[in-house]
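Chemist: What follows is a predicted protein model with its sequence.
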Amino acid sequence: MEGKQYSECQIQNFEDSKLAVTEKDPIMRIKQPGDEIQEGMHGCEEKTTSDTKSWSTGFLMNMESTVAEIDCVSIGVSSNDIDLSVLHPDGSSLPIMGKSSLSEADDEESESHTWKKLGFEPTLPICLKFEDVTYKVTVKGEKTPDANKYILHEITGLVHPGEVLALMGPSGGGKTTLLNLLSGRIKLDSGTITYNNQPYSKSLKWRIGFVLQDDVAFPHLTVKETLTYAALLRLPNTLTMQQKKERATCVISELGLERCQNTVVGGTFLRGISGGERKRVCIANEILLNPSLLLLDEPTSGLDSTTALQIVKMLRNIARSGKTVVTTIHQPSSRLFSKFDKLILLGKGSSLYFGKASDAMLYFSSMGCSPLIAMNPAEFLTDLANGNIKDKSVPSDLEDKFFPRNNSLDMKHGELSQVDVHEYLVEAYAVKEAKLGKTKLIKPLLIDAEPRMKARSSTMEWGATWWDQLSILFRRGLKERRHEYFSCIRITQVFSTAIVMGLLWWRSDASSPKGLQDQATICYMCFYLQSLQAGLLFFISVFWAFFPMFTAIFTFPQERVMLAKERSVGMYRLSAYLLARMISDLPLDLILPLVFLVIVYLMAGLKSTFTAFSLTMLTVFLSVVAAQGLGLTIGAAFMDVKKASTLASVIIMTSMLSGGFFIQKVPVFMSWVHHVSPLSKD
């Protein structure tokens with residue numbers, strides 16, 4: 001059996017490089033062709049085998065020419081397994097590839113078959129390279145050159161397909177900013193970011209999946225509904241509806257969500273799936289598109305260590321399918337930290353380390369920084385990034401450099417300041433980059449995928465037509481707000497108000513002067529009105545202006561994060577969303593006013609003809625639509641519930657006062673308010 005595309009990329013990495021270990025620096029690194037083989041390699045021999053009875057041996061034969069060029073490599077083969085490892089100078093064996101890695105070729109073949117069945121092309125491998133990435137912001141109120149604050153300063157890194165790169169460091173170190181730069185969400189000030197040696201373009205938008213730190217999902221939709229609607233809207237329109245639904249089902253199975261697929265996602269005020277399951281749902285939302293590059297912002301935040309480990313293991317499996325994975329991480333456990341392939345340690349926007357995650361401790365130990373007590377490696381590295389050297393050894397040259405300076409000492413505690421430690425680590429890493437050579441440190445794989453990268457942009461403008469978007473969003477809106485339609489509080493509010501109004505206007509006789517006064521006034525109002533029952537109808541209009549307006553005000557502020565997330569990935573057109581949102585509210589806006597009006601009509605003794613009832617119902621319905629539209633507009637303009645509610649109260653009160661019921665003659669300079677008021681009697 002021939003190796004698949006990802007395995008070939010992995011083999012090519014071995015062909016283009018050699019592993020070298022020096023006695024002075026026990027840290028292993030990739031040595032590029034042309035470098036002289038350093039000393040300290042004695043006792044290492046090549047080992048091969050002629051056993052061709054198993055698949056593993058067949059895979060080994062494909063690697064035979066590659067392995068022959070690698071020094072200090074040990075290969076062990078059995079009928080069921082193959083183990084490839086590198087010998088360390090101290091005699092220990094560090095594994096490179098084992099049985100689990102080789103079995104991935106079969107997984108890739110199965111995955112490729114699945115993609116073809118669902119109408120997808122196989123995963124496009126992307127090699128992400130960024131060099132001297134710098135990002136700064138201008139401090140408000142400052143116009144001097146020093147007003148610029150550097151968030152990131154000359155960050156360099158490289159991650160290949162099949163690898164998981166962790167961005168680690170203290171809060172405020174620039175991890176999320178770097179992730180946003182890599183995703184193309186914000187523009188960098190200087191430096192380069194390339195994807196298979198190509199700059200960012202719109203065609204890459206569909207190749208990149210971005211998982212936010214906060215779990216953004218509709219709480220009242222089930223897991224299956226969430227992923228199915230996302231698939232219908234996001235997947236290319238070249239797929240049928242059935243293929244899109246099958247893709248959603250496939251992703252549910254891949255991420256182990258079958259058990260909770262019919263459970264609501266839940267949220268702050270609604271109990272649903274667990275935090276780990278909710279995080280997997282958010283990741284599944286991005287995996288739907290089969291992205292080549294998956295970026296995640298603190299996917300383990302708020303999770304216990306066991307659940308966090310499961311999430312990272314899942315990310316490793318995703319990466320092993322040929323995807324490139326980059327994630328920020330804050331406080332990983334030691335087991336979790338060992339699952340990362342590469343690591344970038346950031347401190348105050350500067351790079352303190354880039355390389356294999358397994359070599360990070362050796363790197364800092366080689367310069368004299370090591371823990372004096374048993375400590376989690378991630379905790380040790382984060383402390384160094386913060387400049388905290390408590391319970392850690394200090395390099396002698398760091399003491400020699402800073403102790404003579406009185407202003408660099410913390411006289412109270414007798415310790416080096418955090419600034420001194422940070423400066424030393426930044427300088428030390430810069431020396432390492434200069435020694436190894438930046439071009440060799442970040443030499444990417446050569447992947448010729450430019451035609452496929454450009455071809456995607458012309459076929460994926462929208463995942464569905466405008467009408468399909470409207471239909472899908474309408475159905476999603478109905479299911480998301482089904483709890484509102486049968487809300488006990490809302491139904492009780494409408495019924496109780498209708499009954500109170502019916503009792504106040506109980507069987508009033510419009511033919512008598514007293515009955516006419518009752519039906520034409522509200523409480524203390526005793527004005528002469530031009531039409532019968534105008535007071536009652538006016539109160540009905542006011543109620544059904546307040547009710548839908550203040551309900552609609554909450555729409556956009558509450559869905560702002562979801563709307564921004566879905567719009568950022570080109571999920572649907574804004575016009576389709578707005579219209580679907582209004583239409584999905586129609587059942588609530590029609591049924592409740594109808595029930596309300598029937599109760600009031602029967603109790604108040606209004607004109608009981610079909611024409612009169614229909615005209616009254618039409619008036620109420622138009623009042624509801626106008627109030628709802630005004631509420632959506634106010635909510636979208638402010639995106640803040642308090643501010644929007646304040647303005648809505650002012651508008652409603654102004655409309656009531658200028659409608660012609662409280663004041664018969666509105667001043668000329670205020671007449672325009674009377675004409676634009678939805679509660680005007682004219």
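Modeler: Here it is on my side, so go on.
Chemist: Could you use CA atoms for every contact and neighbour count after this?
Modeler: Will do.
Chemist: In which helix or strand does residue 232 reside?
Modeler: According to DSSP states H and E, residue 232 maps onto helix 223-234.
Chemist: now swap in residue 630 and tell me
Modeler: Using DSSP H and E, the element containing residue 630 is helix 610-638.
Chemist: Show me which parts of that helix are buried, residue by residue.
Modeler: 613, 616-617, 620-621, 623-636, 638 (16 or more other CA atoms under 10 Å).
Chemist: Which SSE is immediately downstream of that helix?
Modeler: As assigned by DSSP H and E, the chain's next helix or strand after helix 610-638 is helix 641-657.
Chemist: now that following helix against helix 610-638, angle please.
Modeler: Relative orientation of helix 641-657 versus helix 610-638 (axes from the mean of the first three to the mean of the last three CA atoms, to 10 degrees): 140 degrees.
Chemist: buried sites along helix 641-657?
Modeler: In helix 641-657, counting by 16+ other CA under 10 Å, buried: 641, 644, 645, 648, 652, 655, 656, 657.
Chemist: can you redo those residues as CSV with distance to residue 674?
Modeler: Below are those laid out as CSV (distance: CA to CA, whole Å):
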residue, distance to residue 674
641, 27
644, 22
645, 22
648, 17
652, 12
655, 7
656, 9
657, 9
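Chemist: Show the low-confidence segments of the stretch 51-200 of the chain, by residue range.
Modeler: Within the stretch 51-200 of the chain, the ranges that satisfy pLDDT under 70 run 51-122, 141-147.
Chemist: 50 - rerun?
Modeler: By pLDDT under 50, the low-scoring segments of the stretch 51-200 of the chain are 51-106, 108, 112.
Chemist: which SS class is residue 149?
Modeler: Judged by DSSP: H, G, I helix; E, B strand; the rest coil, the three-state class of residue 149 is strand.
Chemist: Check the gap between it and residue 188 for me.
Modeler: As judged by CA to CA, to the nearest Å, residue 149 and residue 188 stand 14 Å apart.
Chemist: hmm, back to that, the helix or strand that the helix holding residue 232 is followed by packs against which elements?
Modeler: As assigned by DSSP H and E, the chain's next helix or strand after helix 223-234 is helix 241-254. The contact analysis (3 or more CA pairs under 8 Å, 6 or more residues apart in numbering; DSSP states H and E) places helix 241-254 against helix 223-234, helix 275-287.
Chemist: model confidence over helix 241-254, on average?
Modeler: Mean pLDDT, helix 241-254: 92.
Chemist: What values do phi and psi take at residue 182?
Modeler: phi -70, psi -30 (degrees, to the nearest 10).
Chemist: Skip the chain neighbours and tell me the closest residue to it.
Modeler: residue 193 (7.0 Å; CA to CA, 6 or more residues apart in numbering).
Chemist: Does that neighbour belong to a helix, a strand or coil?
Modeler: strand.
Chemist: For residue 649, see how far away it is.
Modeler: Computed as CA to CA, the residue 193 to residue 649 distance reads 50 Å.
Chemist: Which two of the buried residues of helix 641-657 have the greatest separation?
Modeler: The largest separation in these, counting by CA to CA, is between 641 and 657 at 24.3 Å.
Chemist: quick one, domains of the protein?
Modeler: 5-102, 128-447, 466-676 (automatic domain parsing).
Chemist: Which of those domains has the highest mean neighbour count?
Modeler: Highest mean neighbour count among the domains of the chain (mean count of other CA atoms under 10 Å): domain 128-447, with a mean of 19.
Chemist: Next, residue 210: phi, psi?
Modeler: phi -130, psi 120.
Chemist: repeat for residue 393
Modeler: Backbone torsions for residue 393, taken as degrees, to the nearest 10, come to phi -70, psi 150.
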